[in-house]
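> please work out how this folds:
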Amino acid sequence: LQDLLQAPAPRAPEAGDIPHEPAEDAERWPVDDLLSRALERASGGRNAAGFWLACQLRDNRYSYDEAQGAMLQFQAAVPGVNTKGQAEPYTRKEALSSLDEAFGHSPREPLATPGEQVTIITGKPRTANARGRKPRNTGTASVATELLVMAAGLITEAFTSRDGRPYALVAVDGLKRALRTDSREFSDLLRQRYRQIRSGVPTREAVKTAVEQLSAEIRQGGDVRDVFMRVAQSGDRIFLDLADRQCRSVEVSGNGWRVIDMSPVPFERGRGALPLPEPVHGGSVEVLRPLVNSSDEHFILLVAFLLGCLQGGGPYPPLVLSGEQGSSKSTVSRMVKDLIDPAAIPLRLCPREDRDVLITATNNHIIAYDNLSGMPHWLSDVLASLATGTGYSTRELYTDHQEATLSACRPVVINGITDLVERSDLLDRCL
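Numbers count the residues shown, from 1 in each chain. Just a heads-up that it's a prediction; the model follows:
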């Protein structure tokens, strides 16, 4: 698996070293029939259909050159729209990449009847073939191995965060996203990939086994990199993740800003993160002034807080909004959150314990607590520490002495009717 993750793209075999020459007694499916079946499958995903065709060409003992011609025919004939109905050509590079991946593994028995389903690139078919061979019972271990191979085909780069969490840059529909390999989102992606290729559903145990093995491989051999939430700083540039489906971000430098397709730093998205609209040139912060019920001096502090939130790292002075009922405290809190870090839950109730604060901080760049009637001493201490960076540790589940940790440094917004901040350590840090 580690070789698959780190190896360069496979070299196209030369005519003299292709191990996929047809056997003398082999009965091969005609290329035209395989092409027709692949085009029928293309409506469910062109990459999956192309990979299916490449596997069948290999299994029918066509040479690499013969298979390459068939793949280019498929690339020319396949519709130029993706599964979302958007115009997006299926490229020659994608077709040949599927071919190289398929021909990088040993051939299998070809399809015996038109009703048989696509087979994965290693192992035996699940249905009896034309020669009457019995199917092998593939259990959790073999399915987990197939899932690992599929994962290697999705991952372009693997690394660990500073706190030892495994991550991978995953290529989906031509876009790259940083995902924790032990996250539910990555497991869902593996299940979807398995469904596309095998037309089946992997067991929960197989997915768990594959994810645990992959995460262990990454922890042992992956590079260590910083992973960011919404905002990052690299050198003299700042990056703001738009969190849209195109994985775009805004690059800010001394020469101005621009929207880029792929950030050079990895961003993680918390559950519930919403996309920012694409920014346009020519705006002014003064358009916010009529929306904020405060004095001019306090508005300057609010703008300073917003600019501070766009730093790639802390410290972040907490923003405290206090005022009588109906003075737009919640509205301004929500606006601050939506301007930089929109989420499905913009405002939160008072947390019950410090662990809740750190869990929220690891899934959001800005934390906004709404309508607090008071602040317990423990919460004041946690928020003061969160402004400059803090962490939380506890015993890892199902272990005796292993430690699970959470760490973060985040901007915080709190609002309430009464004077909320009394303890000097937090009071000295607040705006």
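
> who are the packing partners of the longest helix seen in the chain?
Criterion DSSP state H: the longest helix present in the chain is helix 204-221. Packing contacts for helix 204-221, counted by 3 or more Cβ pairs under 8 Å, 6 or more residues apart in numbering; DSSP states H and E, involve helix 2-6, helix 140-154, strand 155-160, strand 166-172, helix 184-198. C-beta: built from backbone N, CA, C; applies to glycine.

> what's the closest of the ones you listed to residue 215?
Among the helices and strands packed on helix 204-221, the nearest to residue 215 by Cβ to Cβ is strand 166-172 (4.3 Å).

> buried sites along the closest one?
166, 167, 168, 169, 170 (16 or more other Cβ atoms under 10 Å).

> got JSON lines for the helices and strands packed on helix 204-221, with mean pLDDT and distance to residue 341 too?
Shown next, in JSON lines, are those (pLDDT from 0 to 100; distance: least, Cβ to Cβ, whole Å):
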{"stretch": "helix 2-6", "mean pLDDT": "46", "distance to residue 341": "32"}
{"stretch": "helix 140-154", "mean pLDDT": "81", "distance to residue 341": "28"}
{"stretch": "strand 155-160", "mean pLDDT": "89", "distance to residue 341": "24"}
{"stretch": "strand 166-172", "mean pLDDT": "87", "distance to residue 341": "20"}
{"stretch": "helix 184-198", "mean pLDDT": "89", "distance to residue 341": "19"}
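
> what is the neighbour count of residue 324?
By other Cβ atoms under 10 Å, 7 other residues sit near residue 324.

> would you turn the helices and strands packed on helix 204-221 into TSV with distance to residue 99?
Putting the helices and strands packed on helix 204-221 into TSV (distance: least, Cβ to Cβ, whole Å) gives the following:
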stretch	distance to residue 99
helix 2-6	17
helix 140-154	13
strand 155-160	18
strand 166-172	17
helix 184-198	15
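
> circling back: and the next element down the chain from the longest helix of the chain?
Past helix 204-221, further along toward the C-terminus, the next helix or strand under DSSP states H and E is strand 223-224.

> same question for stretch 315-334, mean pLDDT?
Stretch 315-334 shows a mean pLDDT of 91 in the predicted model.

> what's that stretch in contact with?
291-293, 301-302, 305, 308-309, 336, 346-347, 368, 370-371, 383, 387-389, 409-421, 426, 429-431 (Cβ atoms under 8 Å, 6 or more residues apart in numbering).

> and that stretch, how far apart are its ends?
Length of stretch 315-334, first residue to last, Cα to Cα, to the nearest Å: 22 Å.

> for the stretch 301-431 of the chain, give me the ranges with low pLDDT.
Within the stretch 301-431 of the chain, the stretches with pLDDT under 70 are 394-405.

> same thing but 50
Scanning the stretch 301-431 of the chain for pLDDT under 50 picks out the ranges 398-399.

> what are the boundaries of the strands in it?
Taking DSSP state E, counting those that start in this stretch as the test, the strands found in the stretch 301-431 of the chain are 319-322, 367-369, 390-395, 403-408, 412-416.

> Serialize those to a markdown table and add fields for mean neighbour count and distance to residue 340.
Output for the strands of the stretch 301-431 of the chain, formatted as a markdown table (neighbours: other Cβ atoms under 10 Å; distance: least, Cβ to Cβ, whole Å):
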| stretch | mean neighbour count | distance to residue 340 |
| --- | --- | --- |
| strand 319-322 | 22 | 12 |
| strand 367-369 | 25 | 11 |
| strand 390-395 | 14 | 21 |
| strand 403-408 | 14 | 16 |
| strand 412-416 | 24 | 11 |
